[in-house]
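Asker: Need coordinates for the below:
(chains A and B)
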Amino acid sequence: MKFNTFPGGVHPPEEKELSEHCAFERMPAPSMVVLPLSQHLGKQANPLVAKRAAVVQGEVIAEADGFISAPVHSPITGTVKSIGRESNSSGYMKEALVIVPAEAAEGEEIPDPVMMPPLNPDSATVEEIRARVKAAGIVGQGGAAFPTFVKLTPPEGKTIDTVILNGCECEPYLTRDDRFMLERPEAIVSGLKLIMRALGVSKGVIGIENNKPQAIASMEKAVATQNGLSVCALQTKYPQGAEKMLIKAVNGREVPPGRLPLDVGVVIQNIGTAVAIHDAVAKGEPSITAAVTVTGRGIRNPKNLIIPIGTPISDVIAFCGGLTDDAAKVVVGGPMMGVAQHDLNAPIMKATSGIVVLTHDEVRKQEETACLRCGKCVDACPLHLMPTRLARLAQLNMVEEAERLSITVCMECGSCAFTCPANIPLVQWLRLGKQRVIHLQRSRKNTAA
Amino acid sequence: MDLNILIAIATMGGLGFIFAGALAIADKKLRVEENPLIGQVNDVLPGANCGACGKAGCYDFAVNVVEGTMAPNGCPVGGQEVANDVAALLGIEAGEAVKIVARVLCRGGNIEAARKLVEYRGPQSCATMDLVSGGSKQCQYGCMGGGDCVDVCTFNAIHLNENGLPVVIDELCTGCGMCVKACPRSIIELHPADREVFVFCKSHDDPKTSKDVCEVACSGCGICARKSDGGVIIENGLAVIQWDNFDPDKIPFDKCKSSAICFLRDGFAEHQAEVAAAAAEMSPEQSN
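Answerer: Predicted structure coming up:
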């Protein structure tokens, strides 16, 4: 049988067997949560509570500031300990609220969590769905954390004909979406139908890579009785879960550089986002937990967990039995695009999908050598760029030439660096080049204005 | 002789005559009068076209000086000598050319600054370190020691010392500002060379954090500011010198626990000797 896919890409070892059999467990509330005000792409949220204020689980503690922004809800009932700069899994200090749980004093009861009133997912109107997704602070679970409400509110004049649910989970190690598809197929279908109703679309496709046969079977069973829904099995390859790659693989359309999936009539949502939308509508739950795969050979008991947002990574690691003796590197996200951590006090955020702990052998340092001009990175680049040349241009600060060769199209998937036999840190150079090109474009805009 | 050759010579020669004539006429009719002084001033300028004066290049500077919109001492690269030459050409007072030099306002080298649990591995350039959570030091404001300032200096006026900190050689520094632009942490500033006291820190961390991450960080305690009569103010957890009413005699230097505010010569001469000794102790095989 032939499976669809996209041109380019790589196939790293999958390593899913470490955690794919572990059913979701709920992690208990930690002794402290750190809630960055910016857990989404776009403008930072505005805090609504002051230091020492009492907050209730589910209460809005920071409101969205502007259209592309998202509110933050408290995952626990407790008191605001401080508002200031705290470590963040992106590697930088960011504004965050710290909340400690309330201890029930005598004769007092801890107040019940505040949830939004549940709606009937079969009859909720377009406005109700959008308002609920916005109020619940749901952000894309695929990694970029783009506010989901914005994606459900396409600009006037765009016609959308297909919603694709991204069940590729092309990052090695991660098994979160796989578990969702096995454990909650009805919630996924319900979430997909809500997205389709909000966008006025009648065709929904769930794209799943063929290394998850059980998930494919589970979802095929769930959509069998539904009109307009289908499952598309795809050949396993990285980075299939990237929006543009997935569209190419599923319906053959190519998103032009600098454009969005909207421009080819497609909206993509992650499996986890569909579940979150279902829970927000049917149960009234705001976005206060994250589904996270904790895995890797450096952790004693790999697990799939539902974790209150704001839980420090060190607590999560302790809950999974701690690190093994040869653990060397803790990566938040998948091993291809995730961020290596230098401070394990950084919190779990809304879009955190995984914690991968690698051992010394797996991260052994390989010396960088000169470029061999072999062209492997050019073959691997799913966006048809020339990573080796762009990296060199970034290194030499030849910003305009890099711009001409479309460096800003790069999505930093890391396929080039993965395949490079000379161990050149191509992604890092490309990021530098992108940053410089964006600066140049901004200064050009400023002088023109 | 072959006729063809003669025809060729005649044609090319004739064309040459016609064009030469056209040029001669254009030279007379379309002439733009330029002040000859501009050319002369341009000749005495260093010709580096570095842009340190704020103009597009040396010629642009010459035009502005001759037109009187800039002072003859406006070229920081040329210094007093060039200012005198330019002034002599224009027949005016040179004024004092203030020598401007780059100052590195961070003393948190490899010895003073606390390091992260994990080491940064990747290209040794400040620009790339800044993209990956900022290198191996814990401080988010200080020098990362990647040497981007050293790489861009065309005058070889800056180098990294044993402690991994950039040091400016005043004699070679022309104040062109290339290192200022190259530093992603903005810890290099241009100052008149005769300024002696600086706050050698850019950290806005709270007092506890700054103490934890670096031995020589300014915690923003404000002792120096209280005695300074407005010469030092505390801005967002950091002491900032207000040069207009700054008087070093009013600063209680011995009260600054981390010596973040100190004399340049103290910060970098005595301190450097200490650092060299400590560095030699840390890696005996390297110093041999």
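Asker: what about the strands in chain B?
Answerer: B:100-104, B:158-160, B:166-168, B:188-192, B:197-199, B:232-235, B:238-241, B:261-263 (DSSP state E).
Asker: Make TSV out of these and add distance to A:Lys151.
Answerer: All C-beta spots, glycine's among them, are computed from the backbone N, C-alpha and C. Compiled in TSV, the strands of chain B are given as follows (distance: least, Cβ to Cβ, whole Å):
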stretch	distance to A:Lys151
strand B:100-104	46
strand B:158-160	48
strand B:166-168	46
strand B:188-192	43
strand B:197-199	47
strand B:232-235	41
strand B:238-241	41
strand B:261-263	51
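Asker: okay, these in JSON lines with mean neighbour count next?
Answerer: As requested, those are exported to JSON lines (neighbours: other Cβ atoms under 10 Å in any protein chain shown):
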{"stretch": "strand B:100-104", "mean neighbour count": "21"}
{"stretch": "strand B:158-160", "mean neighbour count": "18"}
{"stretch": "strand B:166-168", "mean neighbour count": "20"}
{"stretch": "strand B:188-192", "mean neighbour count": "17"}
{"stretch": "strand B:197-199", "mean neighbour count": "19"}
{"stretch": "strand B:232-235", "mean neighbour count": "16"}
{"stretch": "strand B:238-241", "mean neighbour count": "20"}
{"stretch": "strand B:261-263", "mean neighbour count": "21"}
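Asker: Excluding chain neighbours, what is closest to A:Gly321?
Answerer: A:Arg300 (3.2 Å; Cβ to Cβ, 6 or more residues apart in numbering or on different chains).
Asker: could you measure the one you found against A:Ile317, distance?
Answerer: According to Cβ to Cβ, to the nearest Å, A:Arg300 and A:Ile317 sit 9 Å apart.
Asker: Pull up the residues of the stretch 1-150 of chain B that are close to chain A.
Answerer: B:116-118, B:121-123, B:127-128, B:131-134, B:140 (Cβ under 8 Å from any Cβ of the partner chain).
Asker: Report the two of these separated the most.
Answerer: The span of those, defined through Cβ to Cβ, is set by B:Leu117 and B:Ala127 at 23.4 Å.
Asker: Among those two, which residue is more densely surrounded?
Answerer: B:Ala127 (23 against 11; other Cβ atoms under 10 Å in any protein chain shown).
Asker: Could you check how far the more buried one is from A:Leu432?
Answerer: For B:Ala127, the distance to A:Leu432 - Cβ to Cβ - is 5 Å.
Asker: can you put the strands of chain B in TSV and add mean pLDDT and distance to B:Cys224?
Answerer: Formatted as TSV, these follow (pLDDT from 0 to 100; distance: least, Cβ to Cβ, whole Å):
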stretch	mean pLDDT	distance to B:Cys224
strand B:100-104	90	18
strand B:158-160	91	28
strand B:166-168	91	24
strand B:188-192	92	18
strand B:197-199	91	8
strand B:232-235	90	5
strand B:238-241	91	6
strand B:261-263	86	5
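Asker: what sits against the nearest residue to B:Ala193 once chain neighbours are set aside?
Answerer: Counting by Cβ to Cβ, 6+ apart, B:Ala193 lies nearest to B:Lys99, which is 4.2 Å off, once chain neighbours are set aside. Shown in contact with B:Lys99 (Cβ atoms under 8 Å, 6 or more residues apart in numbering or on different chains): B:76, B:79-80, B:170, B:175, B:192-194.
Asker: And for A:Val100?
Answerer: A:Val100 makes contact with A:31-32, A:78-79, A:81 under the criterion Cβ under 8 Å, 6+ apart.
Asker: Show me which residues of the stretch 1-150 of chain A sit near chain B.
Answerer: Neighbours of chain B within the stretch 1-150 of chain A, by Cβ under 8 Å from any Cβ: A:84-85, A:90-93.
Asker: Next step: the residues you listed restricted to helices.
Answerer: Under the assignment DSSP state H, the residues of the stretch 1-150 of chain A next to chain B contribute nothing to helices.
Asker: Which of those are buried? Put it as a PyMOL command.
Answerer: Buried subset of these, written as a PyMOL selection, criterion 16 or more other Cβ atoms under 10 Å in any protein chain shown:
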select buried, chain A and resi 85+91+93
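Asker: quick revisit: so what sits against both of A:Arg300 and A:Ile317?
Answerer: In contact with both A:Arg300 and A:Ile317: A:Leu323, using Cβ under 8 Å, 6+ apart.
Asker: more neighbours, those two?
Answerer: Just comparing A:Arg300 and A:Ile317: by other Cβ under 10 Å the higher neighbour count belongs to A:Ile317, 20 against 12.
Asker: Just the closest residue of chain A to chain B, please.
Answerer: Chain B sits closest to A:Gly91 of chain A, with a gap of 2.6 Å, by Cβ to the nearest Cβ.
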